[in-house]
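Asker: kindly return the folded structure for what I paste below:
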Amino acid sequence: QLQLVESGGGLVQPGGSLRLSCAASGGTLGYYAIGWLRQVPGKEREGVACISGSGDSTRYTDSVKGRFTISRDNAMNTFYLQMNSLKPEDSAVYYCTPTVPGMMVPLYNYWGQGTQVTVSS
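Answerer: Residues are numbered from 1 along each chain as shown. Presented below is the predicted three-dimensional model:
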């Protein structure tokens, strides 16, 4: 059974950086588009970024363009989200999941535990 384990979150000051990782096990995701979504209490999950199976195509939600970079290592079945110039409004629980190709929309109902990102001074 597919398992997704997100890590790398934490408390960071505004303007700081974090690198999130998502390790997949129980199945290879090398051919799947992968996305990072985030959720704050009381709101629906929001798409942040997605990357094609080959890694040559990426998309970002407008609020993170130029600050976040999504990448993947298919050999390691691991996916990353580099977050720079963090803002308080980036605070959320971040999840990775297979997505519809080219869209920040979950393909299946596979979710890990997420990793908490808190941006605060």
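Asker: spit out the contact partners of the residue positioned nearest the centre of the chain.
Answerer: When Cα atoms, centre = their mean is applied to the chain, the residue found nearest the centroid is Trp36 (2.5 Å). For Trp36, the contact set (Cβ atoms under 8 Å, 6 or more residues apart in numbering) comprises 20, 22, 47-50, 70, 79, 81, 94-96. Backbone N, C-alpha and C define where each C-beta goes, glycine included.
Asker: what sits against the nearest residue to Tyr95 once chain neighbours are set aside?
Answerer: Nearest non-adjacent residue to Tyr95, counting by Cβ to Cβ, 6 or more residues apart in numbering: Gly114, 4.6 Å away. When contacts are counted by Cβ under 8 Å, 6+ apart, Gly114 touches 6, 39, 93-95.
Asker: just those now: which is nearest Gly66?
Answerer: Nearest to Gly66 among these: Tyr94, at 18.2 Å, using Cβ to Cβ.
Asker: roughly how far does Gly30 sit from Ser52?
Answerer: Separation of Gly30 from Ser52 (Cβ to Cβ, to the nearest Å): 11 Å.
Asker: near Gly16, how many other residues are there?
Answerer: 15 (other Cβ atoms under 10 Å).
Asker: contacts only, for Ser71.
Answerer: Contact analysis of Ser71 by Cβ under 8 Å, 6+ apart lists 51, 55, 79-80, 82.
Asker: ah, wrong one, I meant Ser121
Answerer: 13-14.
Asker: again with Thr61
Answerer: 46-49, 104.
Asker: swap the cut-off to 10 Å and go again
Answerer: 36-38, 46-50, 68, 104 (Cβ atoms under 10 Å, 6 or more residues apart in numbering).
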